[in-house]
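Visitor: Give me a 3D structure for the following:
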Amino acid sequence: MAPAKQPKLIVEADAEALALAAAERVMARIAANPGRIAICLTGGSSPKKLYQLLGSEAWRGGIPWDRVHWFIGDERFVPESDPLNNMAVARATFLDRHAPAGHIHPIPTTAENPDTAAEDYARELQAFYAGDQLDPARPLFDLVLMGTGPDGHTASLFPGYPEIEETRRWVVGVPKANVAPFVPRVSLTLPVLASCREMLFEIAGPDKRPILTRLCNGENLPALRARSNGETVWLADRAALPEDIRGPR
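Guide: Take a look at the predicted model:
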């Protein structure tokens, strides 16, 4: 298998322009596939503007809801009714109003523990994929949405944690998070996240400038190690850019 390509950095003026650019990339990936489509969503604050756009009158009509399946890259091991639940935010923002119920694939948080939830979700992904071995020529996802935390984690793969090195399992339980909220997590592993035509990071705001600086400097963090087998894009706004590449306003 060819090595993953270097991420491409695309800069937008502000968070609103970034969300618009992200929505355009989502729609482009959907348009490129005339068959069944799989989108892997992300949690945290980064995608909220994007989700609002996708559910808006201007955008939702362009989504073939009957052909798109929606997964999630990681989940906090809390009930679906908990405001910390990642998929619950996406569902409330746009999915429940437009997507068929059977096309929404949350990580189950009613399981006995995160490891059991991980095993259950791995089986669901493998049933959707119709196989338990990933083929680089047949990506699992059309698009994987990602973000990064202040420590450089992505999904719920934290720096220095053993889960970042997992290559056999599709999904892992993470007993304790490295950053708030300090609740157990369930996360797809790097090889499964890489099985996509495009991996799209949204990195916005001045609070993300320190971590984007570290990523641009090549620091070996989970968010740098996460690469699509196809195309990886870092979509950032100007406020998040490192000082040495911001240039004049």
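
Visitor: Dump the helix or strand of the chain with the lowest mean pLDDT to PDB, keeping only the CA atoms.
Guide: Every helix and strand in the chain was compared by mean pLDDT, DSSP states H and E; the lowest is helix 243-246, with a mean of 71. Backbone C-alpha positions of helix 243-246 (Å, rounded to 0.1, in the frame of the first residue of the first chain) are rendered in PDB as follows:
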ATOM      1  CA  GLU A 243       2.000  33.400  13.300                       C
ATOM      2  CA  ASP A 244       4.800  32.500  10.900                       C
ATOM      3  CA  ILE A 245       2.300  31.600   8.100                       C
ATOM      4  CA  ARG A 246      -0.500  34.000   8.800                       C
END
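
Visitor: buried sites along it?
Guide: With burial defined by 16 or more other Cβ atoms under 10 Å, not one residue of helix 243-246 is counted as buried. Placement of C-beta: from N, CA and C, glycine included.

Visitor: Pull the residues that contact that helix.
Guide: 209, 213, 216, 238 (Cβ atoms under 8 Å, 6 or more residues apart in numbering).

Visitor: so where do the strands sit in the chain?
Guide: Assigned by DSSP state E, the strands in the chain fall at 8-12, 37-41, 68-72, 74-76, 141-146, 171-174, 185-188, 196-203, 231-237.

Visitor: Would you mind finding the most buried of those?
Guide: Stretch with highest mean neighbour count among the strands of the chain: strand 185-188 (a mean of 30; mean count of other Cβ atoms under 10 Å).

Visitor: Give the pairing partners of that one; include direction for each.
Guide: Within its sheet, strand 185-188 is paired with strand 74-76 (antiparallel), strand 171-174 (antiparallel), according to DSSP bridges.

Visitor: Make CSV out of those strands and add mean pLDDT and distance to residue 194.
Guide: Formatted as CSV, those follow (pLDDT from 0 to 100; distance: least, Cβ to Cβ, whole Å):
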stretch, mean pLDDT, distance to residue 194
strand 74-76, 97, 15
strand 171-174, 98, 14
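
Visitor: mind checking which of those is nearest residue 139?
Guide: strand 171-174 (16.9 Å; Cβ to Cβ).

Visitor: Restricting to C-alpha, output that closest one in CSV.
Guide: Below are the C-alpha coordinates for strand 171-174, written out as CSV (Å, rounded to 0.1, in the frame of the first residue of the first chain):
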residue,chain,number,x,y,z
VAL,A,171,-13.0,0.2,17.5
VAL,A,172,-11.5,0.5,21.0
GLY,A,173,-12.7,1.5,24.4
VAL,A,174,-10.8,4.3,26.1
